[in-house]
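1. Pasting the sequence and the predicted model now:
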Amino acid sequence: MRMPISSRLVVPVICALCFALWAGASHAAPVSFKVQLSGSQQVPPVQTAATGTADLTYDPSSRMLSWTIMYSGVTGAVTMVHMHGPAAAGKNASPQIWLTQKGSPVASPIKGKATLTPEQAKQFEAGEWYINVHTESQPAGEIRGQVMPPKS
């Protein structure tokens with residue numbers, strides 16, 4: 001028994017529509033970008049010759065964030081490095097992610113990765129996080145940089 005033409009077209013049309021929807025869905029590619037760290041971005045600002053750069057890669061589809069942070073010229077031993085948020089530039093917030101191990105020696109470069117929660121990803125993508133490098137001489141942070149992911 002043969003199906004009418006209209007029935008034989010339904011399945012291929014549905015498959016084509018599904019493929020078109022899948023292909024058109026947002027499949028954002030990972031983005032890589034740099035964040036400059038300085039004492040002037042600390043709140044309150046810190047007078048220091050220290051500088052730093054964070055190379056970040058963020059994959060919005062998996063919420064995976066990876067980092068390489070380099071710094072130099074700090075006034076004391078680095079004690080810890082965090083990502084803080086949510087906070088706009090000029091505001092302070094609590095640590096969200098430890099970029100170094102608690103109690104372990106910290107040396108440049110610092111490398112790592114983490115999967116953000118959906119709420120953290122939303123804050124991160126909105127530019128509401130910052131990186132803070134804490135030192136023995138500046139326990140509240142010696143250099144800082146606001147994380148501003150590029151807009152896709």
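-> Here it is on my side, so go on. Numbering: from 1, shown residues only.
2. where exactly do the helices run in the protein?
-> Ranges of helices in the chain, per DSSP state H, are 5-24, 118-125.
3. For Val43, give me phi and psi.
-> Dihedral pair for Val43: phi -120, psi 110, per degrees, to the nearest 10.
4. Without its sequence neighbours, what residue ends up closest to it?
-> Leaving aside its sequence neighbours, Val43 sits nearest to Asn92 (Cβ to Cβ, 6 or more residues apart in numbering; 5.2 Å). C-beta coordinates here come from the backbone N, C-alpha and C atoms, glycine included.
5. Distance of that neighbour relative to Ala50?
-> For Asn92, the distance to Ala50 (Cβ to Cβ, to the nearest Å) stands at 19 Å.
6. These two: who's more crowded?
-> A count of neighbours by other Cβ atoms under 10 Å puts Ala50 above the other of Asn92 and Ala50, at 20 against 14.
7. Least confident of the helices of the chain, on average?
-> Note on those: helix 5-24 shows the lowest mean pLDDT, a mean of 45.
8. which stretches of the protein have low pLDDT?
-> Across the chain, the ranges flagged by pLDDT under 70 are 1-27, 152.
9. How are the strands of it distributed by residue range?
-> Remark: strands assigned in the chain by DSSP state E are 31-38, 51-59, 64-72, 78-84, 95-98, 110-115, 129-135, 143-147.
10. by contact count, what packs against the fourth one?
-> Strand 78-84 makes packing contacts with strand 95-98, strand 129-135 when contacts are defined by 3 or more Cβ pairs under 8 Å, 6 or more residues apart in numbering; DSSP states H and E.
11. Give me the contact list for the shortest one.
-> Right, strand 95-98. 65, 80-85, 114, 116, 120, 123, 129, 132 (Cβ atoms under 8 Å, 6 or more residues apart in numbering).
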